[in-house]
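Colleague: mind looking at a prediction? Sequence and model below.
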Amino acid sequence: MWTRTVNGRALHFYLAGINNQNFLMRDEETGTWWQQITGKAIYGPLQGAALELVLSDELTFAEWRVESPTGQVLAPVGKYTKEYDPNWEPGVAKLPVVISFPNTELKSRDVVIGLTIAGAARAYPWETFAKQSPILDRVNGTPLLLVLGPDGKSFRVFVSRIDGRDAEFFLQTNSSADAKGENKTWTLLDTTTVSQWNFQGCATSGAAEGKCLDRIPALKDYWFDWRNYHPDTTVYKH
Amino acid sequence: MSAPSANSQTAQVHSSLWLWILFSACAFATVALFFIPAFIIRPFRYQGPRALLLAMGLHQRAPLGTLITGLACFFLAFSLWKTVGRWRKALIVFTLLIVTASAVMARQNYFEWMFHPIAGPHFLVQSETKLDSKEMIMAVRLGSDARAYPISQMAYHHILNDVVAGVPIAVTY
């Protein structure tokens, strides 16, 4: 998600093509070509410009509904509803890829969480992440906390620092989950202030109550796409 | 008396040859301005960096370029028309059809034929939506305004130009 104001002017984007399975968009105002994943203008009058990232989340509707009770949801467009496929992931996962990185750690369609800290990119294989969550890591000197939501699908990345001091977190699972493992709840505990934290990264009780961790933008992506645009990326291993 | 007539016939053949060459060149350029970018930027194909630049450069210039070369084709066809027989007339008409089709297509965004944009987005409060609780959404919060964009919808439309809390944003998936 990007802000679309460039040089004080709001641009309007439309779909214009595809570049190795990542789409290209153009703006109506200048006709410049932009790469979706990077937000960079790659050709045209604004070439070299970059859109500013807007912090966004990938969440289940259930998680978002609780967090944002007064929020609004994009309405489906009536005549296109048959084109919407809530179960789009297995279909896309089977599509062929046109670029691959055979001598790298992961397979093309492996799902990763990708993030960049001051130019240093790192990919976290989703499978590893889902098993290990929460993950504590450090990229370019910044301590990170990656957390899978209680729904097992939503995720967030935070700076693992409380009041400027590096912090460690661990997960405390509540035993109220039903047989299917649903309705599971948990809290994060930090070892420094022994406060309880929720999935929004805010302390709900303890010495840090009321404080919230800083967020880090992260993208759920296929390995080939992430690797293509972040050739120097490292891959999290543990 | 026969020598000047033969000369003028040769001159006519020469000028007609030049008209054919120009006509072919203009027709080829019009088709190329549409077809080369369309061929390079097609799904499920590798796009090399230089090929992509060429495609974007040609596509950017195609609306004006095909107008000039297309009009030139019609002008040249008009000049050639009276000098040729039925089969060549048919060839000229066929070429003009291809040229016109290329000039029209160079102005079309067929990617939006496949993935229609959202003309005027509407938003629902939670009680109005029929989304399943397990569906994935992209969420943004700016100030006190929170918005959710179901991924099933965004995976089709790909782009939404929205304004949240007064901030113009592009939601992309």
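Modeller: Okay, I see it.

Colleague: give me the contacts around the worst-scoring helix or strand of chain A on mean pLDDT.
Modeller: Lowest on mean pLDDT, DSSP states H and E among the helices and strands of chain A sits helix A:88-94, with a mean of 79. Helix A:88-94 is contacted by residues A:85, A:109, B:151-152, B:155 when judged by C-beta atoms under 8 Å, 6 or more residues apart in numbering or on different chains. C-beta here means a position set from N, CA and C on the backbone, and glycine is covered the same way.

Colleague: past it, which element shows up next along the chain?
Modeller: strand A:111-117 (DSSP states H and E).

Colleague: for the following helix or strand past that next one, which helices and strands make contact with it?
Modeller: With elements assigned by DSSP H and E, the helix or strand that comes after strand A:111-117 is strand A:120-125. Where contact means 3 or more C-beta pairs under 8 Å, 6 or more residues apart in numbering or on different chains; DSSP states H and E, strand A:120-125 is packed against strand A:111-117, strand A:135-139, helix A:223-229, strand A:234-235.

Colleague: rerun at 6 Å
Modeller: Counting contacts by 3 or more C-beta pairs under 6 Å, 6 or more residues apart in numbering or on different chains; DSSP states H and E, strand A:120-125 packs against strand A:111-117.

Colleague: sheet-wise, list the partners of the strand it packs on with their directions.
Modeller: strand A:120-125 (antiparallel), strand A:219-222 (antiparallel) (DSSP bridges).

Colleague: just among the contacts of helix A:88-94, which is most surrounded?
Modeller: residue B:152 (22 neighbours; other C-beta atoms under 10 Å in any protein chain shown).

Colleague: send the alpha carbons of the helix or strand where that one lies over as PDB?
Modeller: Take DSSP H and E as the rule and residue B:152 turns out to sit in helix B:151-157. The C-alpha coordinates for helix B:151-157 follow below in PDB (Å, rounded to 0.1, in the frame of the first residue of the first chain):
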ATOM      1  CA  ILE B 151      -7.800  -9.900  -0.700                       C
ATOM      2  CA  SER B 152     -10.200 -12.000  -2.800                       C
ATOM      3  CA  GLN B 153     -11.400  -8.700  -4.300                       C
ATOM      4  CA  MET B 154      -8.000  -7.000  -4.500                       C
ATOM      5  CA  ALA B 155      -6.500 -10.100  -6.200                       C
ATOM      6  CA  TYR B 156      -8.900  -9.500  -9.000                       C
ATOM      7  CA  HIS B 157      -9.000  -5.600  -9.300                       C
END
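
Colleague: do that helix and chain A meet?
Modeller: Yes: judged by C-beta under 6 Å from any C-beta of the partner chain, helix B:151-157 comes into contact with chain A at B:152-153, B:155-156.

Colleague: mind listing what the residue nearest in space to the middle of chain B touches?
Modeller: The residue lying closest to the centre of chain B (C-alpha atoms, centre = their mean) is residue B:106, at 2.7 Å. Residues near residue B:106 by C-beta atoms under 6 Å, 6 or more residues apart in numbering or on different chains: B:33-34, B:62, B:66.

Colleague: from residue B:97, how far off is it?
Modeller: Relative to residue B:97, residue B:106 is positioned 15 Å away (C-beta to C-beta, to the nearest Å).

Colleague: tell me what whichever strand or helix holds residue B:149 is packed against?
Modeller: Following DSSP H and E, one finds residue B:149 within strand B:145-150. Strand B:145-150 is packed against strand A:72-74, strand B:136-142, with contacts defined by 3+ C-beta pairs under 6 Å, 6+ apart.

Colleague: hang on, residue A:36 packs against residue B:172?
Modeller: Yes: here residue A:36 reaches residue B:172: they are 5.0 Å apart, a contact under C-beta atoms under 6 Å.

Colleague: all helices of chain B, in order?
Modeller: Assigned by DSSP state H, the helices in chain B fall at B:2-40, B:49-81, B:86-105, B:111-114, B:151-157.

Colleague: tell me the domain boundaries of the chain?
Modeller: No chain in the question, so chain A it is. In terms of domains, chain A is parsed into A:5-43, A:111-219 (source: automatic domain parsing).

Colleague: chain B is the one I meant
Modeller: If you go by automatic domain parsing, chain B breaks into B:2-108, B:126-172.

Colleague: for the last one, what does the pLDDT average out to?
Modeller: Think domain B:126-172. Averaging pLDDT along domain B:126-172 gives 95.

Colleague: can you check the first one too?
Modeller: Regarding domain B:2-108, the rounded mean pLDDT is 91.

Colleague: repeat that for stretch A:61-80.
Modeller: 94.

Colleague: how far away from the center of its chain is it?
Modeller: Chain-centre distance of stretch A:61-80: 18 Å, with C-alpha atoms, centre = their mean, to the nearest Å.
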